[in-house]
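Enquirer: Sequence first, then the predicted structure:
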There are 2 protein chains.
Amino acid sequence: MPAAPVPGLTPDPSAAPTGRTPGTLRVALLGCGVVGSQVARALVEHADDLAARAGARLELVGIAVRDASRPREGLGTVVPADLLTEDAERLVDAADLVVEVMGGIEPARGLILRAVAGGASVVTANKALLAAQGPELFEAADAAGVDLSFEAAVAGAIPIVRPVRESLAGDHVRRVLGIVNGTTNYVLDQMATHGLDLEEAVKEAQGLGYAEADPTADVEGFDAAAKAAILASLAFHTRVSIDQVAREGITGVTADDVAAAAQTGHVVKLLAIAEQTAEGVSARVHPALVPAAHPLAAVRGAFNAVFVEADGAGPLMFYGQGAGGRPTASAVLGDLVSAARDRLSGGKGPSESAYASLPVLPADAAVTRYQVRLVVADRPGVLAQVAGVLADHGVSIDTVRQTADEPAADGGAGTAQLLITTHAAREASLAATVAAVRDLEPVRQITSVLRVEGV
Amino acid sequence: MPAAPVPGLTPDPSAAPTGRTPGTLRVALLGCGVVGSQVARALVEHADDLAARAGARLELVGIAVRDASRPREGLGTVVPADLLTEDAERLVDAADLVVEVMGGIEPARGLILRAVAGGASVVTANKALLAAQGPELFEAADAAGVDLSFEAAVAGAIPIVRPVRESLAGDHVRRVLGIVNGTTNYVLDQMATHGLDLEEAVKEAQGLGYAEADPTADVEGFDAAAKAAILASLAFHTRVSIDQVAREGITGVTADDVAAAAQTGHVVKLLAIAEQTAEGVSARVHPALVPAAHPLAAVRGAFNAVFVEADGAGPLMFYGQGAGGRPTASAVLGDLVSAARDRLSGGKGPSESAYASLPVLPADAAVTRYQVRLVVADRPGVLAQVAGVLADHGVSIDTVRQTADEPAADGGAGTAQLLITTHAAREASLAATVAAVRDLEPVRQITSVLRVEGV
């Protein structure tokens, strides 16, 4: 690692010929957005506490940004503005610990690889990068004998990466069900609580700063899918990339779906699911009906929670704020203190664990229960017809609820609502079944098909 | 550490002159009860997975018990009976990793100190020992450069020690509210759900194996107090011993209290509380009214949960099974894998962090809201009189609810129920206030005084 002084960084590293002050670890911060600015402030404001906990002073030696001349209100008055630099590479080269909170694939990937190659430990909050390129980064970190930590990449402030990687290292995780996107949880909660439709709820979330101007990454489930890939990889000791996560967002969820869910004792949640079966592992993101008595059903507003089912531990749930500057910075700083401790003790945090290398199953291999709502002609024999199609496709019915609508205006046969809950069925069978039901003469409409999880 | 062969242990360490097989770490298990037998089974049954995760085989070299000749059904058929030994000291001397699940103060304390002095890392589930003698053990472990881990000592399978020690190492914890005793949570939940009185609910818990034949340690709050001491020490980087924990069990909680709580939108929970104020830190255990909307209120049956409030992270909750052989063994095994990884990487897990050394406050310094129920003569002016006494003592009233009972049989003035909820008041002031209220002529009875937490 070059020990050359980095101009514009304080204190001037040329003061120490090795670029190191004894008892001090040099921290480079890449990115100064909502999270980065909170990390910077904490490093300055809580320097004494952090030093006592880490065993060495964590000296913020620079903050890499695209435009160092732009004022950064987020930094407050405590962080010297001359820490800002546009030369991320030189900053990285001068650091013992690198915090990457810039997001995106490049230049984050290149800078992390550079840091690791130079012997620095890295803390990142970059879920998109990890879900796409995790193995490359982990291998580089392991080869260099440095830590690559990423608690902040999944569910913000909630400790979930460390518990799965370390606390459950002696257990066998079977399933992870996570509410890992606060925006969509807020939207669905508003729909359930106030009867809003999706568009109204998204607008409200935008007004409160919970949703971006372009909410695609959240409402289409991309953000949750990245987290599902990370959780599945950790839980099953198997590499799962975001491309292998089946993904369905909440844009198809209607106010009517949410109301109907309540009538059957469920709430609609966008879940990130990682599951192991006898055939392999799967990861998927989709809206699901969760029974009202399930701990995840009580997760309101923009909160996140991750429910883990393990052979030994049984059910566990981790709950808290999944986003926001200060909560995410808390997770980053926890990783940073651990990385500093490892550095000082000469140890190393957990390496990538992908030894199990289980098959990653395709989306249509998933087996879940379904709730299908449909409108049919209100006359005898229709239910038998529908049930017959399900039976032909090997999909077994758990319960049926039938409600007659108003009779037709001409006095003829009106329509009825059918709500069918199936036993566990394979995604592929269900899709074929629904298509066949749709073709039945008395079937007017398939109103919705929603998976039921957490039972 | 003596490398002499230990008779009766398999494989015979005399086969390897150093007492070590390369790529293998020797695990000694102290205790073979509900938890120990599950740890032993897992070490044998899941040896390959554990080896892949730890980076070395974790070879169970012996299980120390008081009577090695007694059959141990808990071990099943997979654990060789000849691993049982009565010579705990020789076993410890031959181990790289020692798991202490025997409980109690001695000989556990002596064996842990011996293990540490011999260079072994220790995993313990012994909350009583840690809460009483923690500092001595931590100092010994730090001096020897070995790990002393104890995830299983607080809330069984729930990862809470590691998150507080490591994930929150860069944050500032303000308060911890824990349901950390499954027995009392089960009892209180049964009282709330089925209207049982305390004695009936305890009997039911005993029938289900949730409560011991002598339930004192649970119902009197001793078990929770040990955990409160451990959590307070970790959260506030300050040594807090069990002697410094104010403790009140659930034996004073009546079916009537639980029913009255429900009427005001609360549930009664036995809470372990660790709190930091401007004056210092405090730890206490007592029954408390928790608002029904608080995440802790939804923790049913014998489940545990720990709610943490931190400056950066905000509110967090960790939920799961707090007791039982397999869940507790899961926590032990997680620690064991981490200790093995540290050993292999030459690193060390977190040391004791007590740098803050904050003052530990006496019980009567706690500041909480209270709900006081009393029976008074049903005549004008009584409420004013009671309110006057509270005001004189500087205790401010939040709400009052008054309910007239049946009139007296002689047609004279009957009685009324008063339910007073105070604003936050100091424990010492409240005690004096209640005494003064009791002395008022129209006050017939103080039915209950319960703290309100989680608001």
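Expert: Received, thanks. Being a predicted model, the structure only gives us computed values, none of them experimental.
Enquirer: distance of the closest residue to chain B within the stretch 51-200 of chain A from B:Glu151?
Expert: Per CB to the nearest CB, A:Gly170 is where the stretch 51-200 of chain A lies closest to chain B, at 2.3 Å. The way it works is simple: take the backbone N, C-alpha and C, and place the C-beta from them, glycine included. From A:Gly170 across to B:Glu151, the span is 10 Å (CB to CB, to the nearest Å).
Enquirer: Pull up the overlap in contacts between these two.
Expert: Here A:Gly170 and B:Glu151 have B:332, B:334-335 as joint contacts, going by CB atoms under 8 Å, 6 or more residues apart in numbering or on different chains.
Enquirer: so which strand or helix has A:Val44?
Expert: If you go by DSSP states H and E, A:Val44 is part of helix A:34-45.
Enquirer: Now chain A against chain B: closest residue?
Expert: For chain A, CB to the nearest CB, closest residue to chain B: A:Gly347, 1.2 Å.
Enquirer: and that residue, how many neighbours?
Expert: If you count neighbours by other CB atoms under 10 Å in any protein chain shown, A:Gly347 ends up with 19.
Enquirer: from what I can see it touches B:Gly347, true?
Expert: Yes - the pair A:Gly347 / B:Gly347 is scored as a contact, 1.2 Å apart, by CB atoms under 8 Å.
Enquirer: who touches A:Ser330 in this structure?
Expert: With contacts defined as CB under 8 Å, 6+ apart, the neighbours of A:Ser330 are A:157, B:168, B:170-171, B:310, B:312-313.
Enquirer: With adjacent residues omitted, what lies nearest to it?
Expert: Nearest non-adjacent residue to A:Ser330, counting by CB to CB, 6 or more residues apart in numbering or on different chains: B:Gly312, 3.4 Å away.
Enquirer: State the phi and psi torsions of the one you found.
Expert: phi -90, psi -50 (degrees, to the nearest 10).
Enquirer: quick one, what contacts it?
Expert: Contacts of B:Gly312 (CB under 8 Å, 6+ apart): A:38, A:42, A:157, A:326-327, A:329-330, A:333, B:170-172.
Enquirer: Likewise for A:Ala64?
Expert: Neighbour list for A:Ala64: A:28-32, A:85-88, A:91-92, A:102, A:111 [criterion: CB under 8 Å, 6+ apart].
Enquirer: what does the domain assignment say about chain A?
Expert: A:13-149+A:327-345, A:161-322, A:366-452 (automatic domain parsing).
Enquirer: Turn those into TSV, including mean pLDDT.
Expert: Below are those laid out as TSV (pLDDT from 0 to 100):
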stretch	mean pLDDT
domain A:13-149+A:327-345	93
domain A:161-322	96
domain A:366-452	91
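Enquirer: Most neighbours among the contacts of B:Gly312, please name it.
Expert: Result: A:Ser330 is most packed of the contacts of B:Gly312 (other CB under 10 Å), 35 neighbours.
Enquirer: Restrict the host helix or strand of that one to CA atoms and write it as PDB.
Expert: A:Ser330 is located in helix A:325-345, with elements delineated by DSSP H and E. In PDB, the C-alpha atoms belonging to helix A:325-345 read as follows (Å, rounded to 0.1, in the frame of the first residue of the first chain):
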ATOM      1  CA  GLY A 325     -29.100   7.600   7.600                       C
ATOM      2  CA  ARG A 326     -28.600   7.100  11.400                       C
ATOM      3  CA  PRO A 327     -29.900   3.500  11.600                       C
ATOM      4  CA  THR A 328     -27.800   2.400   8.600                       C
ATOM      5  CA  ALA A 329     -24.800   4.300  10.000                       C
ATOM      6  CA  SER A 330     -25.200   2.400  13.200                       C
ATOM      7  CA  ALA A 331     -24.800  -0.900  11.400                       C
ATOM      8  CA  VAL A 332     -21.800   0.500   9.500                       C
ATOM      9  CA  LEU A 333     -20.100   1.600  12.700                       C
ATOM     10  CA  GLY A 334     -20.700  -1.700  14.400                       C
ATOM     11  CA  ASP A 335     -18.900  -3.400  11.500                       C
ATOM     12  CA  LEU A 336     -16.200  -0.800  11.600                       C
ATOM     13  CA  VAL A 337     -15.500  -1.400  15.300                       C
ATOM     14  CA  SER A 338     -15.400  -5.200  14.700                       C
ATOM     15  CA  ALA A 339     -13.100  -4.800  11.700                       C
ATOM     16  CA  ALA A 340     -10.800  -2.600  13.800                       C
ATOM     17  CA  ARG A 341     -10.800  -5.100  16.600                       C
ATOM     18  CA  ASP A 342      -9.900  -7.900  14.200                       C
ATOM     19  CA  ARG A 343      -7.100  -5.800  12.800                       C
ATOM     20  CA  LEU A 344      -5.700  -5.100  16.200                       C
ATOM     21  CA  SER A 345      -5.900  -8.700  17.400                       C
END
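Enquirer: Mind listing what's buried along it?
Expert: For helix A:325-345, the neighbour count (16 or more other CB atoms under 10 Å in any protein chain shown) marks A:325-343, A:345 as buried.
Enquirer: And the next helix or strand past it?
Expert: strand A:367-377.
Enquirer: That following strand - which strands sit beside it in the sheet, and in what orientation?
Expert: Take DSSP bridges as the rule and strand A:367-377 pairs in its sheet with strand A:415-422 (antiparallel), strand A:425-426 (antiparallel), strand A:443-452 (antiparallel).
Enquirer: what does the shortest one rub up against?
Expert: Read it as strand A:425-426. Contacts of strand A:425-426 (CB under 8 Å, 6+ apart): A:364-370, A:394-396, A:433.
Enquirer: Neighbour count added to the residues you listed, as JSON lines?
Expert: Output for these, formatted as JSON lines (neighbours: other CB atoms under 10 Å in any protein chain shown):
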{"residue": "A:Asp364", "neighbour count": "13"}
{"residue": "A:Ala365", "neighbour count": "16"}
{"residue": "A:Ala366", "neighbour count": "22"}
{"residue": "A:Val367", "neighbour count": "17"}
{"residue": "A:Thr368", "neighbour count": "20"}
{"residue": "A:Arg369", "neighbour count": "19"}
{"residue": "A:Tyr370", "neighbour count": "22"}
{"residue": "A:Gly394", "neighbour count": "11"}
{"residue": "A:Val395", "neighbour count": "23"}
{"residue": "A:Ser396", "neighbour count": "12"}
{"residue": "A:Thr433", "neighbour count": "23"}
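Enquirer: Throw those into JSON lines and include distance to B:Leu231, thanks.
Expert: Converted to JSON lines, the contacts of strand A:425-426 look like this (distance: CB to CB, whole Å):
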{"residue": "A:Asp364", "distance to B:Leu231": "46"}
{"residue": "A:Ala365", "distance to B:Leu231": "43"}
{"residue": "A:Ala366", "distance to B:Leu231": "39"}
{"residue": "A:Val367", "distance to B:Leu231": "40"}
{"residue": "A:Thr368", "distance to B:Leu231": "38"}
{"residue": "A:Arg369", "distance to B:Leu231": "39"}
{"residue": "A:Tyr370", "distance to B:Leu231": "43"}
{"residue": "A:Gly394", "distance to B:Leu231": "51"}
{"residue": "A:Val395", "distance to B:Leu231": "49"}
{"residue": "A:Ser396", "distance to B:Leu231": "47"}
{"residue": "A:Thr433", "distance to B:Leu231": "51"}
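Enquirer: Show me what from the stretch 51-200 of chain A comes close to chain B.
Expert: A:52-54, A:151, A:157-159, A:162-163, A:166-172 (CB under 8 Å from any CB of the partner chain).
Enquirer: Try it again at 10 Å.
Expert: A:51-55, A:58, A:123, A:145, A:151, A:156-172 (CB under 10 Å from any CB of the partner chain).
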